[in-house]
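*Asks:* Quick one, what's the 3D model for this:
(one chain, ligands or ions: 1)
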Amino acid sequence: MIEKLNRRDFIRAGAAAGLTAAVPQALLGQAPAVIAPKSARPVVISSANGNVFKNGGDVTGVQKAFGMITQGSDVLDAVVAGVNILELDPQEDSVGYGGLPNAEGVVQLDSSCMHGPRRQAGGVASLEGVRTPSLVAKAVLEQTDHHLLVGKGAQEFARNLGFKIEDDLNTEKSRRLWLDWKRRVDPSHYLDPRKRAEAGHQAALQMVREGLIRQEHLWGTINCDGVNAKGEICGVTTTSGLSWKIPGRVGDSPILGAGLYVDGEIGAAGSTGRGEANLYNLSSFLIVEAMRRGAHPKDAGMEALKRVVANTVEKRLLNDRGRPAFDLNFYILNKRGEYAGVSMYASHYAVCTEKGPETLPTEAMFEGKA
Ligand code: GLY
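*Replies:* Got it, this is the predicted structure:
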């Protein structure tokens, strides 16, 4: 059963519980709405790959997370265990081990996680040599006073905690694809860095057209969010980022409010697709704030997509219909277990409930393809 409390109800409820004397009025003013479920429907939602890869086991990522949640595990432990399946699966070339590398052939990984009830967050960016960046992000959340560690520092942190550091996270497949891409790009012709980056992107798109890599794996990622029967909500996002990126490029995935945002009183939102669009608009934060104002997850997601469309004005980012020439997807879950997958163009998302795992079509902003 759910109650939505407005500010007056919130103060009244607090007064009944003897709380208002301890809570300054200014702070109460910052919490205009609280979704207060007495019980919630356990749900796990993720990008579509969360219901594809099993790493040789019996269950997909969303199944693993849902099973753990319903057996009483902490929700963050559960969603991270879910995405670990994909990070470790060599066939999944958009996250973790075997993720498509950067322009120099080096796999650099980004991840973040947030724990709603504990109000804790952690992330890593440009991390090399660790197959499961989500576990390092969780260690940042649990064992430091910080929210984000990057590059060598993140790797040293992981090494000190006993994570195995490997020289190279490429698989035969990811290295073969990188070599194919490299052959198509001749940097000596493009001394202007913008032209060089554009040539690299065009070569990647050509590889998509030739069926060598999947369009959604250009910015391949998994976001996974879960809620348990007590309404406790947590989320994680992990990725190898944009394929063939400039070394050091960090996308939206490890940035709180961009690739992931969780408010323990409201809900969670996370993203896959063009990270730069999210970094500019902080879409996951925008979505959670819309839910705080009472929006359903689907409407909150559409609001964020409209903002992205309004802020996409550079010609190079628009297709011949004047619309964004990129994919962007949001996975959204509120505290009562209502959820939505929304996207710029037709796509899919995964969900696991008491009915089992499902792959469903997203609510798309535009018909056709980017
Ligand atoms: N959304 C993943 C990235 O852009 O890195």
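*Asks:* For the residue in the stretch 1-150 of the chain that the ligand sits nearest to, list each beta-bridge partner.
*Replies:* The stretch 1-150 of the chain approaches the ligand most closely through D110 (6.2 Å), counting by CB to the nearest ligand atom. All C-beta spots, glycine's among them, are computed from the backbone N, C-alpha and C. Beta-bridge pairing for D110 (DSSP bridges): T239.
*Asks:* what sits against it?
*Replies:* Applying CB atoms under 8 Å, 6 or more residues apart in numbering, one finds that D110 lies in contact with 123-127, 133, 238-241, 250-251, 253-254, 259.
*Asks:* Okay, and which of the residues you listed map to helices?
*Replies:* Among the contacts of D110, DSSP state H puts P133 in helices.
*Asks:* The ligand next: which of the contacts of D110 are close?
*Replies:* Applying CB under 6 Å from any ligand atom, the subset of the contacts of D110 adjacent to the ligand comprises T239, G241, G251, S253, G259.
*Asks:* Most neighbours among those residues, which one?
*Replies:* Tallying neighbours with other CB atoms under 10 Å puts S253 at the head of those, with 34 neighbours.
*Asks:* residues in contact with it?
*Replies:* S253 neighbours (CB under 8 Å, 6+ apart): 110-112, 221, 223, 237-239, 241, 259-260, 271, 275.
*Asks:* from the residues you listed, which single one is nearest the ligand?
*Replies:* G275 (2.3 Å).
*Asks:* how about A364, what does it touch?
*Replies:* Contacts for A364 (CB under 8 Å, 6+ apart) come out as V342, S343, M344, Y345, A346, S347.
*Asks:* I misspoke; the intended subject was N329.
*Replies:* Contacts for N329 (CB under 8 Å, 6+ apart) come out as S47, S271, T272, G273, G341, V342, S343, M344, S347, Y349, T362.
*Asks:* Which positions in the stretch 151-300 of the chain make contact with the ligand?
*Replies:* 219, 221, 239, 241-242, 251-253, 259, 272-275.
*Asks:* Turn these into TSV, including distance to N160 and pLDDT.
*Replies:* Shown next, in TSV, are those (distance: CB to CB, whole Å; pLDDT from 0 to 100):
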residue	distance to N160	pLDDT
W219	31	69
T221	27	93
T239	24	97
G241	24	94
L242	29	91
G251	26	96
D252	27	98
S253	23	98
G259	26	98
T272	31	96
G273	34	95
R274	34	95
G275	28	96
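*Asks:* and the residue nearest to G57 when sequence neighbours are not counted, what is it in contact with?
*Replies:* Nearest in space to G57, with sequence neighbours left out and distances taken as CB to CB, 6 or more residues apart in numbering, is I85 at 6.8 Å. By CB under 8 Å, 6+ apart, the contact set of I85 is F53, K54, N55, G57, V59, T60, G61, K64.
*Asks:* how near is the last one to L149?
*Replies:* Spelled out, that is K64. 26 Å (CB to CB, to the nearest Å).
*Asks:* ok, back up a step: neighbour count and distance to I246 added to the contacts of N329, as JSON lines?
*Replies:* Converted to JSON lines, the contacts of N329 look like this (neighbours: other CB atoms under 10 Å; distance: CB to CB, whole Å):
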{"residue": "S47", "neighbour count": "34", "distance to I246": "24"}
{"residue": "S271", "neighbour count": "31", "distance to I246": "21"}
{"residue": "T272", "neighbour count": "32", "distance to I246": "20"}
{"residue": "G273", "neighbour count": "29", "distance to I246": "19"}
{"residue": "G341", "neighbour count": "26", "distance to I246": "30"}
{"residue": "V342", "neighbour count": "26", "distance to I246": "29"}
{"residue": "S343", "neighbour count": "26", "distance to I246": "26"}
{"residue": "M344", "neighbour count": "26", "distance to I246": "24"}
{"residue": "S347", "neighbour count": "22", "distance to I246": "26"}
{"residue": "Y349", "neighbour count": "29", "distance to I246": "29"}
{"residue": "T362", "neighbour count": "22", "distance to I246": "29"}
